[in-house]
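Student: Quick one, structure for this:
(chains A and B)
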2 protein chains.
Amino acid sequence: MNTNWRSPELADIQAAAERIAEHVHRTPVYTSHLLNARSGAELFFKCENLQRVGAFKARGACNAVFSLSDDLARGGVATHSSGNHGAALAMAAAARGISAHIVMPSSAPQVKKDAVAGYGATIHECEPTLAARESTLDRVVADTGAHVVHPYHDPRVIAGQGTTALELLEQVESLDAVVVPVGGGGLLAGVATAVKALNPKVEVIAAEPAGADDAFRSFGLGRLIPQTAPNTIADGLLTSLGELNFDIIRKHVDTIVTVEEGSIVEAMRLQWTRLKTLVEPSGAVSFAAALEYPERFRGRRVGVVISGGNVDLDRLPW
Amino acid sequence: MNTNWRSPELADIQAAAERIAEHVHRTPVYTSHLLNARSGAELFFKCENLQRVGAFKARGACNAVFSLSDDLARGGVATHSSGNHGAALAMAAAARGISAHIVMPSSAPQVKKDAVAGYGATIHECEPTLAARESTLDRVVADTGAHVVHPYHDPRVIAGQGTTALELLEQVESLDAVVVPVGGGGLLAGVATAVKALNPKVEVIAAEPAGADDAFRSFGLGRLIPQTAPNTIADGLLTSLGELNFDIIRKHVDTIVTVEEGSIVEAMRLQWTRLKTLVEPSGAVSFAAALEYPERFRGRRVGVVISGGNVDLDRLPW
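Tutor: Now for the predicted structure:
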């Protein structure tokens, strides 16, 4: 990974949008009178759960893969992932016609492995520890010459995720605020960059589970605090903020709020039953913020990013 | 109920479409490469689970309510329902600004009662038997002068449900077949009438749970067999076919197939996980037919009507 990467700017995000246009969906924006009444705000749900592979990760992975020179692309791409980024990178590599190597912990759900394998990627299983994931990835790269695409600490990935906001601001006029879930910070950094470049008056609010609040604490203290022992059902938001992401977030994000587990479950259930759309716990954290802090949103036009919809139907949190 | 009603024709369905346009959604058509691969057919899911009140019932109820003369409308409307028709009639009445009286069994889930009450309708609770529902409805009508709108044995309702097919045939070119769940037969009769009038070459296939197969048996024997002791998770398809509906179905439907409970659950799970959209068991019966009878659909372009998406998240069938 290159630690000298510069932060992406609006032009990078616009270039990403053009680069990935034929490989990802322009996702719809859902609204609900009932959820507006429930929250007191006018909510515009940006449905990245309806994105390819069921999550915004398709955007960043496609931008990274299609940014590679032919020389770099020849060796394929690699990453370690137990979640949506692995499937997204596998999909993007298949779209470009190059190989993908995905290091996955042996404990990863079969459905996640099937998704990755379904795109023709090679799965390298390892012990379910970060050390094993990293050493296995190092070995795969040494063996294959594959190019590593990190899930969030990468300006190409951040620029790709930022295309979510370009669409949202085209789809909805006069937004007052945008709420985004934060884990590693790729989506948040990309969205914040795009929003502030296009309209600095739109407030950018990050929502984080109280049980994995490294971004909240880092933001408050002004230095990066790693996430240790996260405890939340939002399994996409367990990781620590990336360094590059943190720099961007400090610059462009207005507020970070934390939400309780009960709010996340309530938000999920309301989105499932009222929008009739599947939202994963991590994806419901943004709406949970609107439920838990109604005074922040009352009477405002708020974009709420639903980041993903990949849930295990046999392990629902209710 | 008027037993001399005539069957609606295409012109009635087109008039219904105009009448209800501003009160119901033009629902989207979803597709999925993965579900196409899984079924061997090219499937176009007509998402009536994203309709107002979460089911196609909004169409028929609105057409009935907005067909009433001002004189008839003055007394309001009434029905008995434990399900989607009650909420749909309450919504339609609210849209016209008239009162609605919904007779509901005391055993109806609170969420259904809340939905009806949310539209400002008056709920009349009764014992959970058909006899009690009918006698309570008779009493309410005697007391209020309300006009009864039956959930399916009514040409205005049938014409309203048929607007689903007008949209589907506009949204998808060159369909070979359309699959529709059948319970009371309102949706099926309306869709079959519209499809055969617009393009008689499109095959109309009804899908029914094997555990509530009165339409299948009636269709085969050529006479109406009432449904007794239904046993299926598809709780919207428990009722017997209406008489008027049966006449229309005999005339315009090509085939009725029955599906097993296991196929319904599999269809639901696939639609939830792949389309990221909530489908109720009754709404998944059409896709279940494509899974259970792949030879009928292989290589064909098939419209699959998802009739509704109102599920109790605390009582999922897996």
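
Student: Pull out the buried residues from whichever strand or helix holds A:V157.
Tutor: Using DSSP states H and E, the element containing A:V157 is helix A:155-171. Neighbour counts over helix A:155-171 (16 or more other C-beta atoms under 10 Å in any protein chain shown) mark A:155-169 as buried. Quick note: C-beta positions are derived from backbone N, CA and C, even for glycine.

Student: for the stretch 51-200 of chain A, what spans make up the strands?
Tutor: Secondary structure of the stretch 51-200 of chain A (DSSP state E, counting those that start in this stretch): strands at A:77-80, A:100-105, A:122-126, A:147-148, A:177-181.

Student: okay, those strands in JSON lines with mean neighbour count and distance to chain B next?
Tutor: Below are the strands of the stretch 51-200 of chain A laid out as JSON lines (neighbours: other C-beta atoms under 10 Å in any protein chain shown; distance: least, C-beta to the nearest C-beta, whole Å):
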{"stretch": "strand A:77-80", "mean neighbour count": "26", "distance to chain B": "22"}
{"stretch": "strand A:100-105", "mean neighbour count": "25", "distance to chain B": "18"}
{"stretch": "strand A:122-126", "mean neighbour count": "17", "distance to chain B": "18"}
{"stretch": "strand A:147-148", "mean neighbour count": "18", "distance to chain B": "27"}
{"stretch": "strand A:177-181", "mean neighbour count": "28", "distance to chain B": "17"}
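
Student: To B:A284, which of the ones you listed lies closest?
Tutor: strand A:177-181 (29.8 Å; C-beta to C-beta).

Student: List the strands paired with the closest one, with their directions.
Tutor: Partner strands for strand A:177-181, per DSSP bridges, with pairing direction: strand A:203-209 (parallel), strand A:301-306 (parallel).

Student: neighbouring contacts of it?
Tutor: A:165, A:168, A:187-188, A:191-192, A:195, A:202-208, A:234, A:236-237, A:282-283, A:285-287, A:289-290, A:296-297, A:300-305, A:307 (C-beta atoms under 8 Å, 6 or more residues apart in numbering or on different chains).

Student: Look at A:G236 and give its secondary structure.
Tutor: Secondary structure for A:G236, judged by DSSP: H, G, I helix; E, B strand; the rest coil, is coil.

Student: list the contacts for it?
Tutor: A:A55, A:G83, A:N84, A:P181, A:G183, A:E280, A:P281, A:S282, A:G283, A:S307, A:G308.

Student: same question, A:N231
Tutor: Contacts of A:N231 (C-beta under 8 Å, 6+ apart): A:G211, A:A212.

Student: Sticking with it, tell me its helix or strand.
Tutor: Counting by DSSP H and E, A:N231 is part of no helix or strand.

Student: what separates it from A:L238, distance-wise?
Tutor: The gap separating A:N231 from A:L238 is 9 Å, by C-beta to C-beta, to the nearest Å.

Student: can you list residues touching both of the two?
Tutor: By the contact definition C-beta under 8 Å, 6+ apart, A:N231 and A:L238 are jointly contacted by A:A212.

Student: For A:F219, grab the count of nearby residues.
Tutor: Applying other C-beta atoms under 10 Å in any protein chain shown, we find 22 residues neighbouring A:F219.

Student: My impression was that it belongs to a helix - is that right?
Tutor: Yes. Under three-state DSSP, A:F219 sits within a helix.

Student: Identify the residue nearest it in space, chain neighbours excluded?
Tutor: Closest residue to A:F219 apart from its sequence neighbours, by C-beta to C-beta, 6 or more residues apart in numbering or on different chains: A:I256 at 4.7 Å.
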